[in-house]
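> structure for this input, please:
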Amino acid sequence: MIISSGTTEIRQTEVEKSASWRLQGIMSSRMATRCGLALLTSALLSGSLPPLDWGWLAWVALAPLLLACHGVTPIQAAAIGVLSGLAAAYGTMYWIFEIPAFAIYHSILLAGYLALYPALWCLGIALLSPTKIGMTFVAPALWVLLDYVRAHAGFVAFPWGTLAQTQHQNLAVLQLGSVAGEYGVTFVVALGSAALSGAVLQQAWRPAAFAALIIGAVHIGGVVTLHLEDSGGGIRLAAVQPSIPVGSLRTAKGRQTSFARLVNLTESTAALRPALIAWPETSIAGNVQTNPLLAADLQSLVEEMGTPLVLGVSEVEKFVSAVGGGENRPRAYNSAYFLSPGAPPSRPYHKRVLLPFGEYVPLEGFVTWPAWIGGRGYDRASGDDPQLFTLPDGTLLATLICWESLFSDLSREAVVSGARLLVQLNNPAWFGHTAAGAQQNLSSVLRAVENRTPILLASNTGPSQIIDAYGRVVAGTRHLFTPDVVVGDVVPSRHRSFYTLAGDWFVYVVFSVTILAGLHPYLARSMMRVRSMRRVWFAGRRPA
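Numbering: from 1, shown residues only. Predicted structure coming up:
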């Protein structure tokens, strides 16, 4: 009997271990599936942006991630979000490794930071435990809210590759930007994924149908807007794409060669009689205000053509600025100048949003950063306000330099100040023959639609583009790192859009939705307590 009892216990133990192993295997298999779904979202998001540029993928891109986060703990959901965010960062910004000084540990920091946002989104979805209608509408609202934070996060702000930017070819849905801005477009695109996942997980067919109705209405409204477009009275614009190699402006011979190329391309363009010609960011090096020879050469070119010119200048002041430890460094600006026939060079526009650790050191004087994070050659100074320039016909224009186009506040501020045309100056030469320049241009399409203001985009290595007030690329260069010019006609803005007047009002709406979703369980329990107390109170007052 003792032996039999011992044998039974051993068998029970073996059965329990076998069951435990099977359970662990099932759990591991399920987690592997969830990780695969998270990576599928990363692939869809990367594919919706250049170089593939399949924007339709964005409409379902978040659905796999929502499926992956269903039924897991908040910590597990956050981990799944980190995995998806890391893969999406590397898949989208593979071009970052073209920069020689950018090491693998830099990419880990950047990708890790960007992965925090999908991690927070997944964490929020798990904590909110949304109902059927909540899954469909709270998930997009939370995504938009985090996008807004990512665009306003101080020196780590980086609103690159948003869902709205993937729709740069979908002109119909893009028109929502003139009312609700980039965040409104992002919400509608995220709504597609949320409706799909809600229908699969919760059979939320009514919310899905309502979401489809909203998406359809946005498209129809966009088509009607494009059909009712008020055209006529346009002006001709031109952008020069010189393809100046990196580092060529550091030598006198390189500066001469680059300037000669700019002049040749500009003179060939002047024959088409544009109202304005633009040179890209840092197309010349020197101080236009203090270098009379450079100013004379530029003014002579403008007078000969009879055409105004906007040009990007990398300029260094003669004085030096002292920094910690007694070190002295030249103080530089990334600037834009406007030259017009019969007038002296304008007061420059200085780039307002500088590149952290590339053009300046954030929190200098408060934080001592490790040397391996990155250095800088010049102590770049930033500008404070938009600088308006005036064409001979009275049209006001403002300039944006490099990734300033990513931040909608800057473009809106310029248009509110009176600009009817925006000039974007880029220099993506550092990123080689990759999709970095094309990805950067996507934000300019959103800025044009938001403010109903056309954009002249001059890029050093391409693509250079001319974008009308409805987001259409009316002209553009076809090849990267090829000297070229682009010429096209657009209509300057005639009135301010609702977005220009109201700003990011839509973000406040989605913020309210997210707060209500978070408070919903507590409000529901409070209402149940109130109803219970009322029943008890009325029951006590009934006559015996």
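> strands of the stretch 101-250 of the chain, residue ranges please.
235-241 (DSSP state E, counting those that start in this stretch).
> give me the below-cutoff pLDDT ranges for it.
129-134, 232 (pLDDT under 70).
> same question for the stretch 301-450 of the chain.
Residues of the stretch 301-450 of the chain that meet the cut-off, pLDDT under 70, sit at 317-330, 374-378.
> hey, where'd the strands end up in it?
309-322, 328-339, 349-350, 379-380, 388-390, 396-401, 421-426.
> pick the most deeply packed of these.
strand 421-426 (a mean of 28; mean count of other C-beta atoms under 10 Å). From N, CA and C alone the C-beta is placed, and that goes for glycine too.
> and the closest residue to Phe210 other than its chain neighbours, how many neighbours?
Of all residues not flanking Phe210 in the chain, Thr136 sits nearest, at 7.5 Å (C-beta to C-beta, 6 or more residues apart in numbering). Thr136 has 27 neighbouring residues, counting by other C-beta atoms under 10 Å.
> and what of Leu201?
There are 15 residues near Leu201, going by other C-beta under 10 Å.
> how much space between the residue nearest to Phe210 and Leu40?
20 Å (C-beta to C-beta, to the nearest Å).
> just Asn287 next, same as before
Asn287 is 52 Å from Leu40, by C-beta to C-beta.
> buried set for stretch 242-262?
Residues of stretch 242-262 classed as buried: Pro242, Ser243, Ile244, Ser248, Leu249, Arg255, Ser258, Phe259, Arg261, Leu262 (neighbour count, 16 or more other C-beta atoms under 10 Å).
> which of these sit farthest apart?
Ser243 and Arg255 (15.3 Å; C-beta to C-beta).
> quick one on the thing from earlier: ok, the residue nearest to Phe210 - contacts?
Counting by C-beta atoms under 8 Å, 6 or more residues apart in numbering, Thr136 makes contact with Leu191, Ala194, Ala195, Gly198, Ala204, Pro207, Ala208, Phe210, Ala211.
> doesn't Ala139 make contact with the fifth one?
What it means is Ala204. No - with contact defined as C-beta atoms under 8 Å, Ala204 does not count as touching Ala139 (11.5 Å).
> out of the buried residues of stretch 242-262, flag the one nearest to Phe498.
Nearest to Phe498 among the buried residues of stretch 242-262 is Pro242, at 38.2 Å by C-beta to C-beta.
> over to that closest one: give its phi and psi.
phi -80, psi -20 (degrees, to the nearest 10).
> check contacts around it.
Ser258, Arg261, Leu262, Leu265, Trp279, Pro280, Ser283, Asn460, Pro483.
> now swap in Ala217 and tell me
By C-beta under 8 Å, 6+ apart, no residues touch Ala217.
> and it, how far is that from Glu450?
Distance from Ala217 to Glu450, by C-beta to C-beta: 20 Å.
> pretty sure Trp180 contacts Phe506?
Quick fix: residue 180 is Ala, not Trp. Yes - judged on C-beta under 8 Å, Ala180 makes contact with Phe506 at a distance of 4.1 Å.
> who touches both of these two?
Common neighbours of Ala180 and Phe506 (C-beta under 8 Å, 6+ apart) are Phe187.
> let me have the contacts of Thr136 in TSV, adding neighbour count and distance to Leu65 as columns.
Listed next are those as TSV, based on neighbours: other C-beta atoms under 10 Å; distance: C-beta to C-beta, whole Å:
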residue	neighbour count	distance to Leu65
Leu191	26	15
Ala194	29	11
Ala195	28	14
Gly198	27	13
Ala204	23	17
Pro207	21	18
Ala208	23	17
Phe210	16	22
Ala211	24	17
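> closest one of those to Leu293?
Leu191 (57.8 Å).
> ok, now how distant is the closest one from Val82?
In terms of C-beta to C-beta, Leu191 sits 24 Å off from Val82.
> next: Leu501.
Leu501 is 39 Å from Val82, where distance means C-beta to C-beta.
> run a quick neighbour tally on Tyr148.
21.
> residue contacts, the closest residue to it other than its chain neighbours?
Excluding its sequence neighbours, the residue lying closest to Tyr148 (C-beta to C-beta, 6+ apart) is Val507, at 4.9 Å. The contact partners of Val507, by C-beta under 8 Å, 6+ apart, come to Val144, Leu145, Tyr148, Tyr183.
> you'd agree Val507 is in a helix?
Yes - counting by DSSP: H, G, I helix; E, B strand; the rest coil, one finds Val507 located in a helix.
> max pairwise distance over the contacts of Val507: which two?
Leu145 and Tyr183 (8.8 Å).
> now do the shared contacts for the two.
Shared contacts of Leu145 and Tyr183, counting by C-beta under 8 Å, 6+ apart, come down to Val507, Val510.
> among the buried residues of stretch 242-262, which ones are in helices?
In helices, judged by DSSP state H, the following of the buried residues of stretch 242-262 are found: Arg255, Ser258, Phe259, Arg261, Leu262.
> pick the one among those residues closest to Asn291.
Distances from Asn291 to those, taken as C-beta to C-beta, are shortest for Arg255 (11.4 Å).
> from Ser314, how far off is the closest one?
11 Å.
> find residues that contact each of those two.
With C-beta under 8 Å, 6+ apart as the test, Arg255 and Ser314 both reach Leu249, Ile284, Ala285.
> now tabulate the residues you listed in TSV and tack on distance to Leu391.
Formatted as TSV, the shared contacts of Arg255 and Ser314 follow (distance: C-beta to C-beta, whole Å):
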residue	distance to Leu391
Leu249	28
Ile284	21
Ala285	26
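> which residue packs closest to Leu109, ignoring adjacent ones?
That would be Ile373: by C-beta to C-beta, 6+ apart, it lies 7.8 Å from Leu109.
> how many neighbours does that neighbour have?
That count, for Ile373 with other C-beta under 10 Å as the rule, works out to 12.
> touching, it and Val361? I think so.
No - assessed by C-beta under 8 Å, Ile373 is found out of contact with Val361, at 9.0 Å.
> quick one: the helices in the stretch 151-300 of the chain?
Ranges of helices in the stretch 151-300 of the chain, per DSSP state H, counting those that start in this stretch, are 171-174, 177-202, 205-227, 252-270, 292-305.
> reformat these as a markdown table; add distance to Ser493.
Output for these, formatted as a markdown table (distance: least, C-beta to C-beta, whole Å):
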| stretch | distance to Ser493 |
| --- | --- |
| helix 171-174 | 16 |
| helix 177-202 | 11 |
| helix 205-227 | 15 |
| helix 252-270 | 24 |
| helix 292-305 | 25 |
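> to Gly36, which of those helices lies closest?
Smallest distance to Gly36 across these (C-beta to C-beta): 15.5 Å, for helix 177-202.
> how about that closest one: buried residues?
For helix 177-202, the neighbour count (16+ other C-beta under 10 Å) marks 177-199, 202 as buried.
> what of stretch 492-499?
Result for stretch 492-499 [16+ other C-beta under 10 Å]: buried residues Pro492, Ser493, Arg496, Ser497, Tyr499.
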